[in-house]
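1. From the sequence below, what's the structure:
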Amino acid sequence: MINRRIGSRQVSAIGLGAMPMSTAGHMPDEAQSIRTIHAALDAGVTLIDTADAYTPSHTDVGHNERLVAKALNSWSGDAGAVLVSTKGGHTRTPGGGWGRDSRPEYLFQACDRSLKALGVESIGLYFHHRPDPQVPYEVAIGAIKDLVEAGKVQMAGVSNADPEQLRVAREILGDDLVAVQNEFSPRFRTSEPEIDVADEIDIAFLSWSPLGGMGSASELGSHHAAFGEIAEAHGVSPQQVCLAWQLARSPRIVPIPGASRPESILDSLKALDLRLSDDELARLNSGR
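-> Next up is the predicted model:
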């Protein structure tokens, strides 16, 4: 398994985004979700990403965190070698909607709730989930710094941040800032500037929805012809081409594809063995 660095930890270059296992509309049963997590861990994945807001409804906050904890507790391997990242500051509202709350008092409550859901005394990597227009960014990130200093969080990250916010977070968190998590995929390439800043300040870039989201991952090759044609030439899936393309973009990128079946994450991990030519990468980068 190829590794990449997140702060002081070496983790698998492809992680598992656990959101599909707790999202209303396409939520698999618990047993299937745990089989999927176990398959990823058995194959060498050492990074699992979750969030308190990954839940079927606002009445079950922490659903995905509890699921991840249950899977790790029932796994036969060394769960201590797995880095679990979670997030706070994004909320669920009645009717299946999403909200934001970055007040320091709320972030402390959210972190304590995540500690309980995950069954740990300190969270390995904790992200500020999404900027809140009602709370100055400096105040929100200051609360994350306080969580680190309180020992509730070992390493800190920011998610859905722009370059200016990344620099603010670096100024406040210093070396405690180890990662940014933004959307990046063939259909969503506007996070290129954040990748460049991550390279500049030497932090990891976790790409969420790297395959374009659950609804379009299976159609990646038809929606983005270059990925489908290059996949056919290599005899692999377009998803593997997509992840290999991201891994080649920067040594700090760690894609975290979602998966609801063992077969899906195992296919994604085959991207680690796929080598794309300079010409192929140039074509994929151009979007042609």
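2. mind checking the SS state of the residue lying farthest from the centre of the chain?
-> Here the centre of the chain is the reference, and by Cα atoms, centre = their mean the most remote residue is Ala233, at 29.2 Å. Recorded secondary structure, Ala233: helix (DSSP: H, G, I helix; E, B strand; the rest coil).
3. Could you number the chain from 855 rather than 1 from now on?
-> Will do, 855 is the new start, and the previous item becomes Ala1087.
4. Give me the distance between it and Ala1079.
-> Look at Ala1087 and Ala1079: by Cβ to Cβ, to the nearest Å, they are 12 Å apart. Glycine gets a C-beta too; all of them are placed from N, C-alpha and C.
5. same deal with Glu975?
-> From Glu975 across to Ala1079, the span is 50 Å (Cβ to Cβ).
6. Same check on Asp914?
-> Distance from Asp914 to Ala1079, counting by Cβ to Cβ: 40 Å.
7. Alpha carbons of stretch 911-926, in PDB - could you do that?
-> Provided in PDB are the C-alpha atoms of stretch 911-926 (Å, rounded to 0.1, in the frame of the first residue of the first chain):
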ATOM      1  CA  SER A 911     -31.700  12.800   9.600                       C
ATOM      2  CA  HIS A 912     -31.200  15.600  12.200                       C
ATOM      3  CA  THR A 913     -32.500  13.300  14.900                       C
ATOM      4  CA  ASP A 914     -29.600  10.900  14.600                       C
ATOM      5  CA  VAL A 915     -26.500  13.100  14.700                       C
ATOM      6  CA  GLY A 916     -23.300  11.000  14.900                       C
ATOM      7  CA  HIS A 917     -24.800   8.000  13.100                       C
ATOM      8  CA  ASN A 918     -21.800   7.600  10.800                       C
ATOM      9  CA  GLU A 919     -19.300   8.100  13.500                       C
ATOM     10  CA  ARG A 920     -20.900   5.300  15.600                       C
ATOM     11  CA  LEU A 921     -21.000   3.100  12.600                       C
ATOM     12  CA  VAL A 922     -17.200   3.600  11.900                       C
ATOM     13  CA  ALA A 923     -16.500   3.000  15.600                       C
ATOM     14  CA  LYS A 924     -18.500  -0.300  15.500                       C
ATOM     15  CA  ALA A 925     -16.600  -1.400  12.400                       C
ATOM     16  CA  LEU A 926     -13.300  -0.700  14.000                       C
END
